[in-house]
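*Asks:* I need the structure of the sequence given here:
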Amino acid sequence: MSIPQSGGGPIESFDQLAGLLESGCKPREQWRIGTEHEKFGWLTDSRLPLPYAGDRSISALFAALEARFGWSPVREGDNTIGLTRNGANISLEPGGQFELSGAPLVSVTETAAELDNHLEEVAQIAGPLGIRFMSIGAAPDWTHAQMPVMPKGRYRLMTDYMGRVGTHGTQMMYRTSTVQVNLDYGSEADMVQKLRVALALQPVATALFASSPFFEGKENGHKSWRSRIWRGLDDSRTGMLPFVFEDGMGFQRYADWVLDVPMYFVYRDGKYIDALGQSFRDFMAGKLPALPGEKPTLSDWADHLTTVFPEARVKKYIEMRGADAGSRAHLVALPAFWTGLMYDQTALDAAWDLVKGFDAETRQGLRVAASVSALQGEAGGVKLLDLARAAVALSQAGLAARGHGEERLLAPLMESLASGRVQADRWLELYRDEWGGSLAPIYEAASL
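*Replies:* Next comes the predicted model:
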């Protein structure tokens, strides 16, 4: 999840809210690719989750990465909660999921090299300590009570609030992992087209990357339990955003939606101030109960933008949020898939033609079907396998047009389309057959 935003001055008018999103517009030659991927640390002798503190811990990894590889610490109080280096960040999800938020790079090939370098640095430190990292959409058998809690004020507030709204919020926070890509837009119209395609095709990404068929030690009835969790989290800030497909969609319409999402916090002087359930509109009027008389800055607005979690999210770029974490090949294939669709106009136009006839019910139905059945799902007369084949073909053509040789990185998706099987299907087959109903082997099998 996001670190506190900085650098924004006072908000003088509502126009600045949409203006912050509009300021993300860039000419095509400045478009970049930013990847984020999470993974679960585990102790090889006990298969328990990696704690924050101790000789074999996240803190120990942070200290060694800082000392040996030139990362700089990000602190909250006395605790190191992340690292930064050359435009990239290593951060922590609430349950200790270890996340690399990569630097903005030109090609997917560069993001693959960045991933490999990160994994090699971490392995050099973690291996001798008996620590491995498992890349899978949901923790297969850890219970909530077993999960460590990261020392971040934002997460303490969110944990309390998630317990009062929805049904699966704390499961998302502590026991899921994702891979996502962040991509640029050139104009308001470009943002709208990309966001519409991104939302309509997130079920395809959910299906292709589904890797979480287990939870709390047993099958859960879904290929992507992580996606199922998001459907039971907090309807006010998640979902498929039907308004995006309506006439009049633009930066202002998105800002208006975010304005009406209840707040989590305000960040001041290194501390998170509880503003749970309060209104950013009241904040704009100087009537926020948490800070009476005070008005927000653009940094506060940027922070608030990070507390909405739709299937595709706009900040000063668009985040694709529908995929489970998975194998190294899948961690690279996710940015390749979306870059091919979004950064070639011919592919983007064709992708919109694929989905522009879907109504809100079909889009939501595909979202549910993808989490349950992956590529075997269908809704509204649309089969996900057929839609995925068409989308991946467009992505492949878009990548080829870019001329970086990135289309080869779609290989794991091509294999899934040929067989109709995804990572979750493989895990289920192993569990039911070779593993004899035990999940112990998945720790090693799913580790990077």
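
*Asks:* Now Ile90: closest residue in space, sequence neighbours ignored.
*Replies:* Of all residues not flanking Ile90 in the chain, Leu83 sits nearest, at 4.3 Å (Cβ to Cβ, 6 or more residues apart in numbering). C-beta coordinates here come from the backbone N, C-alpha and C atoms, glycine included.

*Asks:* ditto for Ala400
*Replies:* Excluding its sequence neighbours, the residue lying closest to Ala400 (Cβ to Cβ, 6+ apart) is Glu407, at 5.1 Å.

*Asks:* What does the pLDDT read for the one you found?
*Replies:* pLDDT, Glu407: 98.

*Asks:* OK, contacts around it?
*Replies:* Each residue near Glu407 by Cβ atoms under 8 Å, 6 or more residues apart in numbering is listed here: 336, 340, 396, 399-400.

*Asks:* May I see the residues you listed organised as a markdown table, with secondary structure, pLDDT and neighbour count added?
*Replies:* Formatted as a markdown table, the contacts of Glu407 follow (DSSP: H, G, I helix; E, B strand; the rest coil; pLDDT from 0 to 100; neighbours: other Cβ atoms under 10 Å):
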| residue | secondary structure | pLDDT | neighbour count |
| --- | --- | --- | --- |
| Ala336 | helix | 98 | 30 |
| Gly340 | helix | 98 | 29 |
| Gln396 | helix | 98 | 21 |
| Leu399 | helix | 98 | 26 |
| Ala400 | helix | 98 | 15 |
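
*Asks:* Among those, which one lies nearest to Ala198?
*Replies:* Among those, Gly340 lies closest to Ala198 (Cβ to Cβ), at 13.0 Å.

*Asks:* any idea how far that closest one lies from Ser395?
*Replies:* According to Cβ to Cβ, to the nearest Å, Gly340 stands 3 Å off from Ser395.

*Asks:* residues shared between the contacts of those two?
*Replies:* Shared contacts of Gly340 and Ser395, defined by Cβ under 8 Å, 6+ apart, comprise 347, 410.

*Asks:* What is the burial count for Gly232?
*Replies:* Gly232 is flanked by 14 other residues according to other Cβ atoms under 10 Å.

*Asks:* just Ala445 next, same as before
*Replies:* Neighbour count for Ala445, taken as other Cβ under 10 Å: 15.

*Asks:* Over to it: give its phi and psi.
*Replies:* Reported as degrees, to the nearest 10, the phi and psi values for Ala445 are phi -60, psi -30.

*Asks:* picking that back up, where does the residue nearest to Ala400 land in three-state SS?
*Replies:* helix (DSSP: H, G, I helix; E, B strand; the rest coil).

*Asks:* Likewise for the one 4 residues further on?
*Replies:* In three-state terms, and counting by three-state DSSP, Ala411 is helix.

*Asks:* Just the element for the closest residue in space to it that isn't next to it in sequence, please.
*Replies:* Nearest non-adjacent residue to Ala411, counting by Cβ to Cβ, 6+ apart: Ala329, 6.7 Å away. Using DSSP states H and E, the element containing Ala329 is helix 328-342.

*Asks:* Buried residues in that helix, which are they?
*Replies:* For helix 328-342, the buried set under the neighbour-count rule, 16 or more other Cβ atoms under 10 Å, comprises 330-342.

*Asks:* Stretch 428-439 now?
*Replies:* Buried residues in stretch 428-439 (16+ other Cβ under 10 Å): 430-431, 439.

*Asks:* Make TSV out of those residues and add pLDDT.
*Replies:* Shown next, in TSV, are the buried residues of stretch 428-439 (pLDDT from 0 to 100):
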residue	pLDDT
Leu430	98
Tyr431	98
Leu439	98
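
*Asks:* out of the residues you listed, which one sits closest to Thr176?
*Replies:* Leu439 (16.4 Å).

*Asks:* Next one: that closest one from Pro213, what distance?
*Replies:* Leu439 is 11 Å from Pro213, where distance means Cβ to Cβ.

*Asks:* follow-up on the earlier one: for the residue nearest to Ala411, give me its contacts.
*Replies:* Ala329 sits next to 409, 411-412 when contact means Cβ under 8 Å, 6+ apart.
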